[in-house]
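Engineer: predicted model follows, preceded by the sequence.
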Amino acid sequence: MSHTPGSTTPGRGPSPVHDIIVIGGGIVGSAIARELAGHAVSVALVEARSDIGDGTSKANTAILHTGFDATPGTLESRLVARGYDLLSDYARETGIPVEHTGAILVAWNEEELAALPGLRDKAEANGYHHSRLIGADEVYAEVPALGEGVLGGLTVPDESIICTWTTNLALATDAHRRGTDILLDHAVTAVTVADDITTLHTRGGDVHGRWIVNAAGLGADRLDALFGYDRFTVTPRRGELFVFDKLARPLVDRIVLPVPTKRGKGVLVSPTVYGNVMLGPTSEDLTDRTATGTSEDGFAFLLGKGERLMPRLLEEEVTATYAGLRAAIDRSDYLIEADADQRYLLVGGIRSTGLTAGMAIAEHVGEMLTASGVVLKERDALPPPPAMPYIGEAGVRPYQDAARIAEDPAYGEIVCFCERVSAGEIRDACHAPLPARTLDGLRRRTRAMNGRCQGFFCGSAVQQLLNDHTDHDTEQGCARPCHEVTS
Amino acid sequence: MTDSRTEQAPPLTLTPDVLVIGGGPAGLSAAAALAPRVAGDVLVLDREKEAGGIPRHSDHTGYGLRDLHRVLTGPAYARRLTETARRAGAVIRTNAMVTHWASGLAVDVTSPQGRFRVEPRAVVLATGARERPRTARRIPGDRPAGVYTTGQLQNAVHLHHQEVGKRAVIVGGELVSWSAALTLREAGCSVVAMVSQYKHTESYGAFNLGGKVVLGVPVVNRSRVVRVIGKPRVEGVEIEDVDTRRRQVLACDTVIFTGDWIPDNELVRTGDIALDPHTLGPVVDTALRTSRPGVFAAGNMLHPVDTADIAALDGRHVADQVVRWLATNSFPHSSAAVPLLAEKPLRWVSPSLLRPGDPAPPRGRLLLWTDEFMRVPRVTARQGGEVLSERRLAWPAAPGRVFRVPWSILRGISPHRGPVTLTVR
Ligand SMILES: Cc1cc2nc3c(=O)[nH]c(=O)nc-3n(C[C@H](O)[C@H](O)[C@H](O)COP(=O)(O)OP(=O)(O)OC[C@H]3O[C@@H](n4cnc5c(N)ncnc54)[C@H](O)[C@@H]3O)c2cc1C
Ligand SMILES: Cc1cc2nc3c(=O)[nH]c(=O)nc-3n(C[C@H](O)[C@H](O)[C@H](O)COP(=O)(O)OP(=O)(O)OC[C@H]3O[C@@H](n4cnc5c(N)ncnc54)[C@H](O)[C@@H]3O)c2cc1C
């Protein structure tokens, strides 16, 4: 294992050659790095941004899919189903918030009603056998707040909600503990493939590796082009969402899905693991890969849908709105291909199921690398999976935990009142192996400032704590911004 | 949503006579008036590091006129109310947040000293109100740094001495919007514009004139913000003239969303206490009782939002009612209660329930909120379709601040003829 820090900091020793470099610190790249680092190879994770999980993986609908509605026989269908199991187990081990709420697909017109039996058959073909057709009465019995006009439904008892932020962070932290060099602020801009070493030219300096895995999400096609390919184009497909106040949570205790169409999964109403209710997403093809803003049209569209789906929901306050970009490509399956000559593997087109499938994609990538001649020998004595801070609502949070507060009063000092985040949790997030360095990073690790007041009460106090804790790092010799996290 | 599924009784239980939740002007004034008059403890809990509520970080003058008959800065006022309550014998605990209703009147509390339960004989809810942030106003666009509410701005500038930007747009034309302008000036940030949906600039009364002259704040009326622009920091806001639909972008690096109040009503809603659909605070009668026997409410959670001295006087008023409750434990029958309704352009009225035999409301005033400016307003009260009384008032009804109406307008209402409707022309 190589534990040498990255080559890019002057005076830090010779530049190492990693056995495998994974580009992209989203769910998929982090899962791949973690998987590979479980073997006797040296791994680096190279990320353009200054934090892990700051791309598509931070802004999705956070559903842990069973894969019941995937196209049978595709790679996606197989990896989503497998990913569901892997991530469910991993969540239990690490403390990633998950709630197995179940879902109901709801038909609002005759056409949709007629489509339900076909969907059940599709689920069966995907190996999912728990779906059941139910009548309108039963739908209303399950979700009384639904708008008028429901004709029938299909249950999917195992669809679940999960915390996408903790998932990404757990995978990356785990990869880090297994020895992966995590290189933030390292946007790859050019590639030089030589005989047995590839050099990635990045904004943070050159990085060298024998094999390169491209898991760059929205940027995957552009990186692919740097390896001389012209095989696909990523279309950013924007999804906008509303997050309603926690006081709306009693209205929705499971995922309410529309009947899917060719355009995608449609607008859903779903509880979140933080105790809110979500409405969305839209689906809109764009060209700008940075267009993560929300729009008037998107809002109007969602409110129109919401009016029909659950009018009472719209009377509640909106806590947050956001948009994410799916990496849609011009074919109907994941595009995962290895190029043994260039020692290069592409993981492309991981559109709307990548949170669920990430760990299974990682497993699949390991198999493909092995098939391409990479020797992946399992290491024994791996560090245990990390215990992640619990930021869900269904379990016990630190502010509710008398024993924990008695041991460390900082967990009893609530700083963010709406989300009940304690000073202890903020401190921990600033000193974690992959620490929060920005307010947004802190939000994703603790929920601080994510609540209904959006900082009216706590914003400046939270900022102060973040400043204090990161200044503290500086004193310890890690000059700010200390983006480079090495093992 | 009391989360009883995850709650276990904490080890320690306190049993004061009265629990006041919220140590702002309303809660502190209630506690100061109650402590000398009840046998047991009067316990005030506040989740902030210090008691005093919003005035703690509202570092400008204009506090205390109606309750203390003098004018103080917010922080001085907050300190004074805190001391008065302490000296009167109230127990004030800060850094102590009420997180759940347990059962009956009992609540669970988190503090650095540990988790504890409080089982009082009466509760006064005084948790105040806050401004709706940009997200709750459903304004699309980017999600840049540099977007604040007035509350966050004042906290940042006055309590934490943090920097804000150089050029700000203030969204809203309420009293508090001028408060934001003052704070920005102190922080060395100029105001590009104050954007307001209201028609008349004079609708904000004298402050507006003074504001324009003294602060040099350009006001853009009849306009709304339709988009926030910028990444990673604010670069501008797009605004629309609501009459012509014409749009333009105002360049700025800071946006302050002011006013547009909502009570901090979590404990109201999770406590199954009847909610007023217009104020979004609890329904109260003139004795400031909520629908839950033994639970009273005072301050901005009833009238989002009036000035601090009015909240304080609510606190004094509620004290008498709490004393009465402790002595008799009686809660009036609701059958004869008359609901008070506000009709357009009025948005809400507080209190909104009248019971025969109850006291006059605090200060003998009904508090209302208007969406239209009227220089010489005529207020009408109707019951069962008939005009009960009509009054012409000598002060304007202006959007963006509370409109006060003498309670005598309700003289002669009958307890049996259904709701009373108030309107203004
Ligand atoms: C609205 C919406 C709803 C969704 N709902 C769900 C759901 O409910 N369930 C589910 O399972 N999935 C869902 N998804 C899909 C899921 O979010 C994605 O499939 C997943 O996040 C993809 O992860 P990733 O690692 O491939 O991409 P990303 O998270 O985008 O990671 C790619 C990373 O690569 C980095 N990068 C790019 N270019 C370079 C470069 N040149 N150099 C270095 N680094 C680079 C980026 O900065 C980024 O961090 C949804 C997606 C959206 C948008
Ligand atoms: C920015 C701004 C400027 C203002 N300027 C002026 C001015 O110049 N002059 C003026 O007269 N008025 C002004 N006001 C209005 C004035 O501040 C309020 O009228 C007054 O503070 C209301 O008092 P209150 O006690 O109802 O609520 P608050 O002052 O809001 O106090 C409520 C308290 O309850 C606590 N609390 C809430 N929930 C819990 C819980 N679950 N557990 C424990 N504690 C809890 C809070 O921490 C807070 O301290 C301004 C308001 C704002 C926001």
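Structural biologist: Arrived safely. Residues are numbered from 1 along each chain as shown, chains lettered A, B, ... in the order given. Ligands and ions are numbered 1, 2, ... in the order given.
Engineer: contacts only, for residue A:152.
Structural biologist: A:106, A:107, A:113, A:116, A:133, A:134, A:135, A:136, A:139 (CB atoms under 8 Å, 6 or more residues apart in numbering or on different chains). Placement of C-beta: from N, CA and C, glycine included.
Engineer: actually residue A:244, not the one I wrote
Structural biologist: When the contact criterion is CB under 8 Å, 6+ apart, the partners of residue A:244 are A:276, A:277, A:278, A:279, A:313, A:316, A:317, A:318, A:319.
Engineer: could you rerun that using 10 Å?
Structural biologist: A:251-252, A:269, A:272, A:276-279, A:306, A:310, A:313-320, A:452, B:136 (CB atoms under 10 Å, 6 or more residues apart in numbering or on different chains).
Engineer: going through these, which ones are buried?
Structural biologist: Buried subset of the contacts of residue A:244 (neighbour count, 16 or more other CB atoms under 10 Å in any protein chain shown): A:251-252, A:269, A:272, A:276-279, A:306, A:310, A:313-314, A:316-320, A:452, B:136.
Engineer: filter those down to the ones in helices?
Structural biologist: Counted as lying in helices by DSSP state H, out of the buried ones among the contacts of residue A:244, are residue A:306.
Engineer: point out the residues in the stretch 1-150 of chain A that sit beside ligand 1.
Structural biologist: If contact is defined as CB under 6 Å from any ligand atom, the residues of the stretch 1-150 of chain A in contact with ligand 1 are A:23-29, A:46-49, A:54-57, A:60-63, A:65.
Engineer: please redo it, this time with the cut-off set to 8 Å
Structural biologist: Contact residues, the stretch 1-150 of chain A versus ligand 1 (CB under 8 Å from any ligand atom): A:23-31, A:46-49, A:52-65, A:80, A:83.
Engineer: quick one, which of those are buried?
Structural biologist: Buried residues within these, counting neighbours by 16+ other CB under 10 Å: A:23-31, A:46-48, A:52-65, A:80, A:83.
Engineer: these also near chain B: which ones?
Structural biologist: With CB under 10 Å from any CB of the partner chain as the criterion, these include residue A:59 near chain B.
Engineer: now for whichever residue of the stretch 251-400 of chain B sits closest to chain A: which residues touch it?
Structural biologist: Closest approach of the stretch 251-400 of chain B to chain A (CB to the nearest CB) occurs at residue B:269, with a separation of 5.2 Å. Contact partners of residue B:269, counting by CB under 10 Å, 6+ apart, are A:245, A:246, A:247, A:250, B:1, B:275, B:280, B:282.
Engineer: could you give me the average pLDDT of stretch A:429-444?
Structural biologist: Mean pLDDT, taken over the full extent of stretch A:429-444, equals 97.
Engineer: for the chain, give me the ranges with low pLDDT.
Structural biologist: No chain specified, so I'll use chain A. A:1-14, A:262-264, A:472-487 (pLDDT under 70).
Engineer: my bad, chain B
Structural biologist: Applying pLDDT under 70 to chain B flags residues B:1-8, B:200-214.
Engineer: ok, of the contacts of residue A:152, which come out buried?
Structural biologist: Those of those that meet the buried threshold are A:106, A:107, A:113, A:116, A:133, A:134, A:136, A:139, by 16+ other CB under 10 Å.
Engineer: nearest to ligand 1 among the residues you listed?
Structural biologist: For the buried ones among the contacts of residue A:152, the residue nearest ligand 1 by CB to the nearest ligand atom is residue A:106; the value is 17.2 Å.
Engineer: how about that closest one, nearest residue that isn't a chain neighbour?
Structural biologist: Spatial nearest neighbour of residue A:106, excluding adjacent residues (CB to CB, 6 or more residues apart in numbering or on different chains): residue A:153 at 5.0 Å.
Engineer: chain center to whichever strand or helix holds the one you found: distance?
Structural biologist: Mapping residue A:153 onto the secondary structure by DSSP states H and E places it in strand A:152-156. Counting by CA atoms, centre = their mean, to the nearest Å, strand A:152-156 is centred 27 Å from the centre of its parent chain.
Engineer: stretch A:324-335 near ligand 1 anywhere?
Structural biologist: Yes: residues of stretch A:324-335 contacting ligand 1 under CB under 8 Å from any ligand atom: A:324, A:325, A:326, A:327.
Engineer: err, stretch A:192-204, not the other one
Structural biologist: Yes: for stretch A:192-204, a contact with ligand 1 is found by CB under 8 Å from any ligand atom, at residue A:202.
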